[in-house]
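1. below is the sequence, then the predicted model.
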Amino acid sequence: KLKMKKLLLLLALVFTKAAFAQKQVSMHMYVKVLPEHQEEFERLEIDYWSKVAKKEIDAGRMTGWGLMKSIGVDKAATEANYLIVNTFENIEQAFSGNQKWDTSFLNLTPQDISTEGIREIISIRFYQNEESINGDKTNFTIFNYGRPTDISAFVSENKSLWKGIHLANQKSTKLNSWGVHTRIHPQGNASKASIFTRDGFENLVDAMNYLSFKEENPYQKMAAKSKMNSIMPDGFGYTIIRRTLHWVN
């Protein structure tokens, strides 16, 4: 009886931890940089701020940092042409305020490598990673932004249906990574998209092929059980490809 009680207690602890599993959080900073400043902006971010971020990662205060650049220009949809991503193990790590961003080890002050004068922050958003397929050869990522009528149903279907479809088609689509993210902050109708999904590829050709129209689309038959037409009847509101210029983790 004592062994059984211990076993039940152990199982209860395991299921409790699983139920409250911490999800990865990411901060997305959308930035506008004019053409004449882009080379300098990229140099400062890659040569210096990525090293500062790596020190934060090594100290256990965050898990990743990346600089991405939009492919093409679409002023009607967004003014941001760069995306800076900071990833964290969970909400506690993201919002603890423990990040130092110390530049002294470079023998520089933050002002020495500041990009404030050559960029404009369009918005800062926080997301939670709900499900993903990891890959180590993602150089170009398709970001799909939307506002489903039911976020829970959207996440649930992506976990139970779409993840399996993507895995089954990885060889033909050359999909390298994939993920579903929900908006933590800001929220509300004025904030537009409440979710985004990402499709990662090794090169731009594969990403463009993935987006191109196909009369015989293998996804259609495999998605016969999908309820996405009612979950998100207007589809994704905005889709854009971004190239990863630099990533550290």
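-> Happy to help now that I have it. Numbers count the residues shown, from 1 in each chain.
2. do a quick rundown of the helices in this structure.
-> In order along the chain, the chain carries the following helices (DSSP state H): 2-19, 38-44, 50-58, 91-94, 151-157, 163-168, 170-173, 204-211, 218-222, 228-231.
3. how close does the closest residue to Lys54 other than its chain neighbours sit to Ile142?
-> If the residues on either side of it in the chain are set aside, Lys54 comes closest to Val248, at 4.7 Å by C-beta to C-beta, 6 or more residues apart in numbering. From N, CA and C alone the C-beta is placed, and that goes for glycine too. As judged by C-beta to C-beta, to the nearest Å, Val248 and Ile142 stand 22 Å apart.
4. ok, the two, which is more surrounded?
-> Higher neighbour count among Val248 and Ile142: Ile142, with 21 against 18, using other C-beta atoms under 10 Å.
5. show me the strands in the protein, by range?
-> Secondary structure of the chain (DSSP state E): strands located at 25-32, 64-70, 82-88, 120-133, 140-146, 177-185, 195-201, 238-248.
6. okay if I get these as JSON lines plus mean pLDDT and distance to Asn169?
-> JSON lines is the format used below for the strands of the chain (pLDDT from 0 to 100; distance: least, C-beta to C-beta, whole Å):
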{"stretch": "strand 25-32", "mean pLDDT": "97", "distance to Asn169": "25"}
{"stretch": "strand 64-70", "mean pLDDT": "98", "distance to Asn169": "24"}
{"stretch": "strand 82-88", "mean pLDDT": "98", "distance to Asn169": "26"}
{"stretch": "strand 120-133", "mean pLDDT": "97", "distance to Asn169": "11"}
{"stretch": "strand 140-146", "mean pLDDT": "97", "distance to Asn169": "15"}
{"stretch": "strand 177-185", "mean pLDDT": "98", "distance to Asn169": "11"}
{"stretch": "strand 195-201", "mean pLDDT": "98", "distance to Asn169": "11"}
{"stretch": "strand 238-248", "mean pLDDT": "97", "distance to Asn169": "18"}
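7. output these as TSV; include the columns distance to Pro218.
-> Putting the strands of the chain into TSV (distance: least, C-beta to C-beta, whole Å) gives the following:
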stretch	distance to Pro218
strand 25-32	30
strand 64-70	29
strand 82-88	30
strand 120-133	17
strand 140-146	17
strand 177-185	16
strand 195-201	15
strand 238-248	20
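8. ok, residues contacting stretch 186-199?
-> Applying C-beta atoms under 8 Å, 6 or more residues apart in numbering, the contact partners of stretch 186-199 are 125, 127, 141-148, 151, 154-155, 158, 166, 175, 177-183, 207, 210, 236-238.
9. can you flag the buried ones in the residues you listed?
-> The neighbour-count test (16 or more other C-beta atoms under 10 Å) applied to the contacts of stretch 186-199 identifies 125, 127, 141-148, 151, 154-155, 158, 166, 175, 177-183, 207, 210, 236 as buried.
10. and Lys227, what is it in contact with?
-> Counting by C-beta under 8 Å, 6+ apart, Lys227 has contacts 153, 157.
11. need the pLDDT of it.
-> The predicted local confidence for Lys227 comes out at a pLDDT of 95.
12. state the distance from the closest residue to Asn98 other than its chain neighbours to Ser156.
-> Counting by C-beta to C-beta, 6+ apart, Asn98 lies nearest to Arg61, which is 5.2 Å off, once chain neighbours are set aside. Separation of Arg61 from Ser156 (C-beta to C-beta): 32 Å.
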